[in-house]
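Colleague: show me how the following folds:
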Amino acid sequence: MLLDAKILSLLKVVETGNYTLAGKELNLTQPAISQHIRAIETEFHIHVFERVGKKLILTREGEILVRYCRRMQALYNNLSRDLQSGADRVLSLNIGITHTMESNRISEALAIYASTHKGITITLITDTQCGLRERLKNYELDFAIIDGKFTDSSLSNKLLDMDSLMLIVSPDHPYAGREYVTIDDIRSENLILRLPNSGTRDLFRASMESKGLKVDEMNVILEVENIATIKDLVRHGYGVSVLAKSACLDELRKKKLVALPFENLNMVREINFVYPQKGTDGKIMEEITKIYNDM
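Modeller: So this is what the prediction gives:
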């Protein structure tokens with residue numbers, strides 16, 4: 001069984017933005033690529049691309065087509081992987097995690113699971129929540145582990161743990177010896193925060209707005225995607241941050257950072273497995289959960 005050549009041609013044109021380059025990568029001529037695209041357009045009575053200058057831009061119908069073609073490609077790849085896994089007695093898992101989960105115990109739990117189950121191979125893919133949702137819907141992932149939950153009807157959530165956001169400071173910071181901090185305490189602090197599209201930032205923003213405050217009105221000096229970078233900057237005294245406690249466990253244990261709860265500000269959230277409603281082995285998630293809890 002082979003994935004339809006027309007689908008491969010279409011996806012390669014989208015990837016390269018050029019018929020000629022797509023043909024070179026697929027060892028096809030440019031006219032052959034053009035013929036494949038025309039055949040698709042004829043079959044579905046649509047235009048896939050429109051030209052804007054020298055660029056190929058997907059039409060609205062083209063975007064829908066490409067989304068489904070990517071799903072078909074992912075399903076075909078999964079089929080090939082699972083058939084090969086059956087022949088070799090090897091199970092391959094594609095698992096997605098958010099950037100916060102990279103610093104959580106979950107990465108270690110997955111490593112323990114793979115090392116204690118002979119024949120298991122895990123591919124760990126880090127992406128934003130939005131990116132992981134699309135990968136799940138396109139069947140590129142077996143499941144994902146996110147800070148929060150999805151309300152998409154095609155996806156299911158299974159609770160792994162509860163977590164909370166806290167103020168993260170260096171051990172030398174004046175607040176380090178406190179039991180808690182207030183919102184007023186951080187108004188004059190240099191804040192180093194996650195990017196606006198992150199789950200951590202969204203929860204912090206929503207919690208502040210519930211008190212009639214706005215994050216944008218505070219002294220945010222840096223917005224950083226990488227959590228390890230944020231922790232390093234805080235540790236060296238360049239500012240303070242608001243991060244998930246679970247993302248800082250190693251530094252807290254080694255007393256490289258201090259985590260302080262906020263008074264009268266509830267920033268508790270769920271950590272969930274998220275998976276397509278059909279086709280995911282619940283036993284695997286149960287075993288990973290047990291390892292995680294034992295840790």
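Colleague: what helix or strand is residue 31 on?
Modeller: helix 30-44 (DSSP states H and E).
Colleague: and that helix, what other elements does it pack with?
Modeller: helix 5-16, helix 19-25, helix 60-88 (3 or more C-beta pairs under 8 Å, 6 or more residues apart in numbering; DSSP states H and E). (Each C-beta comes from the backbone N, C-alpha and C, glycine too.)
Colleague: nearest residue to residue 98 in space, please, no chain neighbours.
Modeller: Closest residue in space to residue 98, ignoring its immediate chain neighbours: residue 146 at 5.1 Å, by C-beta to C-beta, 6 or more residues apart in numbering.
Colleague: so what strands line up beside the one helix or strand that neighbour maps to?
Modeller: Assigned by DSSP H and E, residue 146 falls within strand 143-147. Next to strand 143-147 in the sheet, as set by DSSP bridges, lie strand 91-97 (parallel), strand 268-276 (antiparallel).
Colleague: and it, how far out from the chain's middle?
Modeller: Put simply, strand 143-147 sits 7 Å off its chain's centre (C-alpha atoms, centre = their mean, to the nearest Å).
Colleague: may I have that strand as PDB, with CA atoms only?
Modeller: Provided in PDB are the C-alpha atoms of strand 143-147 (Å, rounded to 0.1, in the frame of the first residue of the first chain):
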ATOM      1  CA  PHE A 143      -1.200  11.300  23.200                       C
ATOM      2  CA  ALA A 144       0.000  14.600  24.700                       C
ATOM      3  CA  ILE A 145       0.700  15.800  28.300                       C
ATOM      4  CA  ILE A 146      -0.300  19.400  28.800                       C
ATOM      5  CA  ASP A 147      -0.600  21.900  31.600                       C
END
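Colleague: now it: mean pLDDT?
Modeller: Summarised as a single mean, pLDDT over strand 143-147 is 92.
Colleague: who touches it?
Modeller: 95-98, 100-101, 106, 129, 132, 135-136, 160, 163, 199-200, 244, 269-275, 280, 285 (C-beta atoms under 8 Å, 6 or more residues apart in numbering).
Colleague: now the buried members of those.
Modeller: The neighbour count (16 or more other C-beta atoms under 10 Å) marks 95-98, 100-101, 106, 129, 132, 135-136, 160, 163, 199-200, 244, 269, 271-275, 280, 285 as buried among those.
Colleague: which regions of this protein lie under the pLDDT threshold?
Modeller: Across the chain, the ranges flagged by pLDDT under 70 are 1-2, 81-82, 84-90, 278-281.
Colleague: can you tell me the centre-most residue of it?
Modeller: By C-alpha atoms, centre = their mean, the chain has its centre lying nearest to residue 127, at 2.9 Å.
Colleague: check contacts around that one.
Modeller: Per C-beta under 8 Å, 6+ apart, neighbours of residue 127: 96, 98, 135.
Colleague: wait, doesn't the last one sit right on residue 123?
Modeller: Which is residue 135. No: with contact defined as C-beta atoms under 8 Å, residue 135 and residue 123 do not form a contacting pair (11.6 Å).
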